[in-house]
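>>> The following comprises the amino acid sequence and a computationally predicted model.
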Amino acid sequence: MKKALLTATLLAMALGVAGCNEATEKQSNESSSASVSSVVESSTDEESAPQNEIITDEQARAAIQNYCCINNPSLKDNEEELPTYWEVVSSSETEIVVLFRSYTGAQIRYYVDPTTGETYVTEFVPGITEAEERTDESFNVKDFMTEQ
């Protein structure tokens, strides 16, 4: 459901930029599209993985960063003002864990299966929650890797 909504949103943005005649609307849509495309384009050829290859730690981290920035463009737009980071906190043959530390202090972990790309999410907010809790959010990290 989220993937379909994201695809529809990106398609609508692309059509809006192409068909827009007013300069202010065009400029606004182009800046939104530019921020999303710059995040997606930040992956290099070596960070991209064909569907049948094992995902590396760096590919997982970059894809999770793309996913977060696409779903919350203000992360990219305000990257110097918002103290956030992404890092691989553990890695094995069966699981890569990428930690996203939000500007709110929340610690969001993405558990990635390096073979399939299937990913589930947990959240821990120090002082608010007592422990890491699984959310209902899940997706395939391969959908957020670019193939050039």
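All right, it came through fine.
>>> Give me the neighbour count for residue 94.
8 (other C-beta atoms under 10 Å). In short, each C-beta sits where N, CA and C put it, glycine included.
>>> what do you get for residue 143?
Neighbours of residue 143 using other C-beta under 10 Å come to 14.
>>> quick check, it in a helix?
Yes - looking at residue 143 with DSSP: H, G, I helix; E, B strand; the rest coil, it is inside a helix.
>>> measure it to residue 71 for me?
Between residue 143 and residue 71 the computed distance is 12 Å (C-beta to C-beta, to the nearest Å).
>>> What of residue 134?
Computed with C-beta to C-beta, the distance linking residue 134 and residue 71 is 18 Å.
>>> Next: residue 85.
Taken as C-beta to C-beta, the span from residue 85 to residue 71 is 17 Å.
>>> now the protein, which segments are flagged as low pLDDT?
Low-confidence segments of the chain (pLDDT under 70): 1-52, 77-80, 82, 147-148.
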